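> Need a 3D model of the following:
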Amino acid sequence: MFDTPVTVVGNVLTAPEWRRTTITGTFVVTFKVASTSRRFDKERGVWVDGASLRVRVVCWRRLGENVSVSVQLGDPVVVHGRLYSRDWTDDQGTRRTSYELDAISIGHDLAKGVDKFARRKAVGSTDMINDPAGAVAAGGELTEPVDDPGRPEDLPPDRELFDEFDSAVYDTSPIAPRPADEEPLAPAGV
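Down below sits the predicted model:
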């Protein structure tokens with residue numbers, strides 16, 4: 001069976017709810033997301049709602065934990081995952097179909113506002129910044145430093161590959177590194 005990966009941009013329609021599977025006892029967080037298309041009505045000169053998609057989002061294990069403390073009712077989100085349908089029969093014997101999105105990744109839609117991120121360290125994980133093995137291994141294999149080989153000789157010069165940037169639109173001056181003794185920039189409003 002092939003997975004159907006999709007990305008849905010919308011708003012959280014129901015508050016995230018903790019659940020547990022009855023057979024294995026695995027914790028899962030679910031919520032519904034609504035994605036409504038918008039279009040401009042030229043006759044009236046206003047934006048109007050178009051078709052809408054409402055889908056149940058399923059977040060397993062660590063993703064569920066993070067969603068439960070990060071996402072709330074009404075939040076604008078971007079959800080990426082595997083879409084599938086589930087057929088079932090209701091109490092009256094009517095066959096029904098529901099659509100669920102098995103989430104792989106969820107984030108706030110930063111086109112609609114701002115957010116802060118706090119990384120969670122996995123139990124027993126290593127510190128990637130100070131991990132001496134990380135500096136000498138890649139893909140599980142040991143590595144050693146080499147001199148930069150430079151630009152391949154058979155590659156044409158940049159001027160033949162890329163158009164010049166329009167200086168009226170783009171600032172192409174390099175960004176100077178901040179001196180080590182200079183204070184870091186404070187966030188706005190601090």
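
> which residues in the protein form helices?
Taking DSSP state H, the helices of the chain run over residues 61-70, 158-161.

> Please render these as CSV that adds distance to residue 33 to the earlier fields.
C-beta coordinates here come from the backbone N, C-alpha and C atoms, glycine included. Shown next, in CSV, are the helices of the chain (distance: least, CB to CB, whole Å):
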stretch, distance to residue 33
helix 61-70, 11
helix 158-161, 42
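
> what's the most buried one of the ones you listed?
helix 61-70 (a mean of 16; mean count of other CB atoms under 10 Å).

> who does that helix touch, helix- and strand-wise?
strand 27-41, strand 95-108 (3 or more CB pairs under 8 Å, 6 or more residues apart in numbering; DSSP states H and E).

> With mean pLDDT as added columns, please give those in TSV.
Output for the helices and strands packed on helix 61-70, formatted as TSV (pLDDT from 0 to 100):
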stretch	mean pLDDT
strand 27-41	90
strand 95-108	92
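
> Would you tell me which of the ones you listed gets closest to residue 82?
With respect to residue 82, and counting by CB to CB, the nearest of the helices and strands packed on helix 61-70 is strand 95-108 at 4.5 Å.

> residues in contact with residue 84?
4, 99, 100, 102 (CB atoms under 8 Å, 6 or more residues apart in numbering).

> cool, and residue 64?
Residue 64 neighbours (CB under 8 Å, 6+ apart): 18, 27, 28, 29.

> Can you say which of those residues are buried?
Buried members of the contacts of residue 64, counted by 16 or more other CB atoms under 10 Å: 27, 28, 29.

> Next one: residue 73 from residue 53, what distance?
Distance, residue 73 to residue 53, by CB to CB, to the nearest Å: 18 Å.

> for residue 74, same thing?
17 Å.

> returning to what we had before: filter the contacts of residue 84 down to the buried ones.
Applying 16+ other CB under 10 Å to the contacts of residue 84, the neighbour count classes 100, 102 as buried.

> In a markdown table: the contacts of residue 84, plus distance to residue 37.
Shown next, in a markdown table, are those (distance: CB to CB, whole Å):
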| residue | distance to residue 37 |
| --- | --- |
| 4 | 20 |
| 99 | 17 |
| 100 | 21 |
| 102 | 23 |
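
> Tell me what residue 31 is bridged to.
Following DSSP bridges, residue 31 is listed with bridge partners residue 57.

> Please report how far it lies from residue 23.
22 Å.

> So between the two, which is more surrounded?
Each of residue 31 and residue 23 has its neighbours counted (other CB atoms under 10 Å); residue 31 has more, 24 against 5.

> Kindly provide the distance from the more buried one to residue 88.
In terms of CB to CB, residue 31 sits 19 Å off from residue 88.

> again, but for residue 51
Distance from residue 51 to residue 88, by CB to CB: 24 Å.
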